[in-house]
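Q: Have a look at this prediction, sequence included:
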Amino acid sequence: MKDNIIKGCFLDSDSPDRIRVVENAFLPVIDGICRGIVPVIPEAYRGLPVTDYGDRLILPGMSDLHLHAPQFSFRGMGMDLELLDWLDTYTFPEEAKYSDPVYVEQAYGYFTDALVHSTTTRAAVFATIHPAATLDLMEQLERSGLQCFVGKVNMDRNCPDSVREPDVQSALRDTEAWIQAANSRFVRTKPILTPRFIPSCSDALMTGLKTLQTRYSLPLQSHLSENYGEIAWVRELSPAAKCYGDAYDRFGLFGGEHPCIMAHCVHSTDEELELIKRNGVYIAHSPESNMNLASGVAPVSRYLELGLRVGLATDVAGGSQISMLRAMMHAIQASKLRWRLLDDSIRPLSLEQAFYLATVGGGAFFGKVGRFAKGYDFDAVVLDDSSLSHPQPLDPRSRLERAVYLADDRHLFAKYVAGKKIF
Ligand code: GUN
Ligand code: FE
């Protein structure tokens, strides 16, 4: 990784309500770390090579806090059912195919290629129950230069045999062997514990996963309060739990000491939100998925006001698009319909807030990620929007807004992860 100076038009977010724009500026990047945006090159850095991106937009790399790699193969299909039927009809049969190494290599190749050619630099990814396939995915992501958490999924009940771990002992044995293999083989790609959701995991499995979490000091990702049928089912399965979140917390698998991402939180109660806040759980807001599966719309601007940790997610293939620019658009659009049709006391999301969620909000899960401030990892995407022609002058914020609604991977000109140039 070469130390250098990046020149161009920088946009980043220092709070949910503000986009910082710095035009014609320099950003020294030393050991992959930002040294702060400056108007002239400081004496100490004279002589370093300068990469000049001219008038193009330089944005922080985006963090996709939740998506399913094996579901990329059926993105944009099977959008006619709600969550539980969608899982049984489309998702589980597709995930069963990941026992076949030939299918795995090809499918995860397509997934990795699409992720590389997106604005995403960091991601928290679900794989399937299969350890070999999960290691194959991690291998491909490691080679790509992206920095991801990847989870071998755990599930031992309420699903077909083809995606069910045969018993708790073998589930835990496989999971531990996978953790050890991942820790020894990868630097950029890290394991994350991944019980699919409460309906898929027995109490004994959850207890065993807690032991592994403590032994290997691992973060955890799962799903929470996405769909009414799912929430009612969890109430039946965990009658002693005070809320869905508490059904994880009873096993010590809901944040606190170990970082935790919960996808969706569309229908979280006040009690659940309090627990989320107390335990520092990250909410992965997945607006397109929540529309496609008719789950609802999470009140995200309220979550920001409550000071919760929130990031943005595509949730492929509940979401059809792997693009975080598109996820920002969907978050804004969904919030407007929620405001108009359901509850006008909760403001729709602004562009500023959506940009914050996609960069800083989710980036925080990965460390000092998502801004160009001094000390942050240099994760960046450079957008060339010159083919989006227009007769009038446009300021950088307007160009960012237009990129959210119009840009796609053809407009991606360069990409860096922790200072490493991906292309
Ligand atoms: N809940 C449990 N599994 C899944 C999944 O694969 N996708 C979504 N959106 N929700 C889930
Ligand atoms: Fe999901």
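A: Alright, I've got the coordinates. Numbering: from 1, shown residues only. Ligands and ions are numbered 1, 2, ... in the order given.
Q: What sits closest to Val382 if chain neighbours are left out?
A: Spatially, and ignoring its direct neighbours in sequence, Val382 is nearest to Ala414 (4.0 Å; Cβ to Cβ, 6 or more residues apart in numbering). For glycine as for every other residue, the C-beta is placed from the backbone atoms N, C-alpha and C.
Q: Is the one you found in contact with Phe423, as I believe?
A: Yes: look at Ala414 against Phe423 with Cβ atoms under 8 Å: they come within range, at 6.4 Å.
Q: Among these two, which residue is more densely surrounded?
A: Set side by side, Ala414 and Phe423 show more neighbours around Ala414, with 18 against 11, by other Cβ atoms under 10 Å.
Q: A strand includes the more buried one, no?
A: Yes: Ala414 forms part of a strand when assessed by DSSP: H, G, I helix; E, B strand; the rest coil.
Q: before we move on, back to that, quick one: the residue nearest to Val382 and ligand 2, what's the gap?
A: The spacing between Ala414 and ligand 2, counted by Cβ to the ion, to the nearest Å, is 30 Å.
Q: Contact partners for that residue?
A: Applying Cβ atoms under 8 Å, 6 or more residues apart in numbering to Ala414 gives the contacts 53, 380-382, 421, 423.
Q: Rebuild those residues as TSV, extending it with distance to Tyr244 and secondary structure.
A: Formatted as TSV, the contacts of Ala414 follow (distance: Cβ to Cβ, whole Å; DSSP: H, G, I helix; E, B strand; the rest coil):
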residue	distance to Tyr244	secondary structure
Tyr53	45	strand
Ala380	37	strand
Val381	35	strand
Val382	41	strand
Lys421	42	strand
Phe423	41	coil
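Q: and these, which are buried?
A: Neighbour counting with 16 or more other Cβ atoms under 10 Å marks 53, 380-382 as buried within the contacts of Ala414.
Q: who in this protein is up against ligand 2?
A: Residues of the chain found near ligand 2 (Cβ under 5 Å from the ion) are 263, 315.
Q: okay, which residue is most central for the chain?
A: Nearest to the geometric centre of the chain sits Leu65, at 1.7 Å (Cα atoms, centre = their mean).
Q: The helix or strand containing that one pairs with which strands?
A: According to DSSP states H and E, Leu65 maps onto strand 62-68. Paired strands of strand 62-68, with direction, are strand 120-126 (parallel) (DSSP bridges).
Q: these two touch, right, Ile89 and Gly78?
A: No, residue 89 isn't Ile; it's Thr. Yes: here Thr89 reaches Gly78: they are 6.9 Å apart, a contact under Cβ under 8 Å.
Q: more neighbours, these two?
A: Neighbour totals were compared for Thr89 and Gly78, and Gly78 leads with 17 against 13 (other Cβ under 10 Å).
Q: hang on, isn't that one packed against Asp88?
A: No: applying Cβ under 8 Å as the test, Gly78 and Asp88 come out as separate, 11.2 Å apart.
Q: How many residues are close by the closest residue to Thr211 other than its chain neighbours?
A: Spatially, and ignoring its direct neighbours in sequence, Thr211 is nearest to Leu172 (7.8 Å; Cβ to Cβ, 6+ apart). By other Cβ under 10 Å, the residues close to Leu172 number 20.
Q: Kindly report the same for Arg397.
A: By other Cβ under 10 Å, the residues close to Arg397 number 14.
Q: you'd agree it is in a strand?
A: No: secondary structure of Arg397 (three-state DSSP): helix, not part of a strand.
Q: That one: what's it in contact with?
A: Arg397 neighbours (Cβ under 8 Å, 6+ apart): 11, 19, 21, 351.
Q: how about 10 Å then?
A: 11, 19, 21, 351-352, 355 (Cβ atoms under 10 Å, 6 or more residues apart in numbering).
Q: So Gly109, which state does it fall into?
A: Gly109 is classified as helix under three-state DSSP.
Q: Which strand or helix spans the nearest residue to it once chain neighbours are set aside?
A: Closest residue to Gly109 apart from its sequence neighbours, by Cβ to Cβ, 6+ apart: Gln140 at 6.4 Å. If you go by DSSP H and E, Gln140 is part of helix 131-144.
Q: repeat for Ile6
A: Secondary structure (DSSP H and E) places Ile6 in strand 4-15.
Q: Secondary structure element holding Phe26?
A: Assigned by DSSP H and E, Phe26 belongs to strand 18-30.
Q: The strand holding Leu65: which residues count as buried?
A: For strand 62-68, by 16+ other Cβ under 10 Å, it's 62-68.
Q: For the stretch 301-423 of the chain, which segments count as helices?
A: Assigned by DSSP state H, counting those that start in this stretch, the stretch 301-423 of the chain shows helices spanning 324-341, 351-356, 362-363, 396-406.
Q: With the stretch 151-300 of the chain instead?
A: Ranges of helices in the stretch 151-300 of the chain, per DSSP H, counting those that start in this stretch, are 168-185, 203-216, 228-237, 244-249, 270-279, 287-292, 300-305.
Q: who wins for proximity to Arg35 among the ones you listed?
A: Smallest distance to Arg35 across those (Cβ to Cβ): 29.2 Å, for helix 300-305.
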